[in-house]
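> Have a look at this prediction, sequence included:
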Amino acid sequence: MSRLTGILFLMAVALIFGAATAQDQQQRGKEVYDYWCINCHGSFPGTPGTQALEVLYRGLKPADLEERTDLPAELVRLYVRTGVSIMPTFRKTEISDEDLEALTAYLAFDY
Ligand code: HEC
């Protein structure tokens, strides 16, 4: 193998593993979301988060967090750790830092 071929090979391997990791992280983020968030933020009746965001944005933005494309990573981290109105604070024993990163990767546009 020439040196260039070797380097290209390593770059291809890094790309494939990098993509797999990002995908795994998003999948984990969806699991965390379905466990901790969807009961308040889902698109089905009786979800107070969705109802509150409907009132707040009056149709200017989707009320369902999973449909948002403008959520910054910092906002997701902040709200999960500090809560807002009836949204509770999530402790690290409930959502670990690693799971919070996965959740952020799943929800935020700029992760
Ligand atoms: C007990 C219900 C409840 C749970 C559980 C909950 N939320 Fe919320 N969340 C709310 C409410 C209500 C609001 C709107 C507060 C307001 O009036 O601004 C909100 C707002 C937010 C916002 C701000 C959106 C915006 O545009 O202002 C984010 C981000 C958010 N929640 C993320 C999450 C995530 C991620 C989880 C899961 C870890 C979660 N929430 C779990 C009730 C909840």
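Yes, it's here. Numbering: from 1, shown residues only.

> Quick check: residues of the chain near the ligand?
The chain has residues 36-37, 40-41, 48-49, 52-53, 56, 65, 71, 75-76, 79-80, 84-88, 90, 103 near the ligand, with proximity defined as CB under 6 Å from any ligand atom. (Each C-beta comes from the backbone N, C-alpha and C, glycine too.)

> for the chain, what are the low-confidence residue spans?
Filtered on pLDDT under 70, the chain yields the residue ranges 1, 17, 20.

> would you list every one of the helices in it?
Per DSSP state H, the chain carries helices over the ranges 3-36, 38-41, 48-57, 73-82, 97-107.

> what is the orientation angle of the first one with helix 73-82?
Between helix 3-36 and helix 73-82, the angle formed by their directions is 40 degrees, by axes from the mean of the first three to the mean of the last three CA atoms, to 10 degrees.

> ok, back up a step: for the helices of the chain, which one ends up most surrounded?
helix 97-107 (a mean of 20; mean count of other CB atoms under 10 Å).

> Name the residues that touch it?
With contacts defined as CB atoms under 8 Å, 6 or more residues apart in numbering, helix 97-107 is touched by 22, 25-26, 28-30, 32-33, 37, 65-66, 68, 71, 73, 76-77, 80-81, 90, 95, 111.

> at 10 Å what do you get?
Outside of helix 97-107, the residues within contact range by CB atoms under 10 Å, 6 or more residues apart in numbering are 22-33, 35-37, 41, 65-66, 68-69, 71-77, 80-81, 90, 92, 94-96, 110-111.

> do the same with stretch 70-79
Contact with stretch 70-79 is made by 29, 61-62, 65, 68, 84, 87, 89-90, 97, 100-101, 103-111, as judged by CB under 10 Å, 6+ apart.

> and it, how far from the chain's centre?
9 Å (CA atoms, centre = their mean, to the nearest Å).

> Next: stretch 83-93.
Chain-centre distance of stretch 83-93: 16 Å, with CA atoms, centre = their mean.

> cool, stretch 45-56 as well?
What separates the centre of stretch 45-56 from the centre of its chain is 19 Å, taken as CA atoms, centre = their mean.
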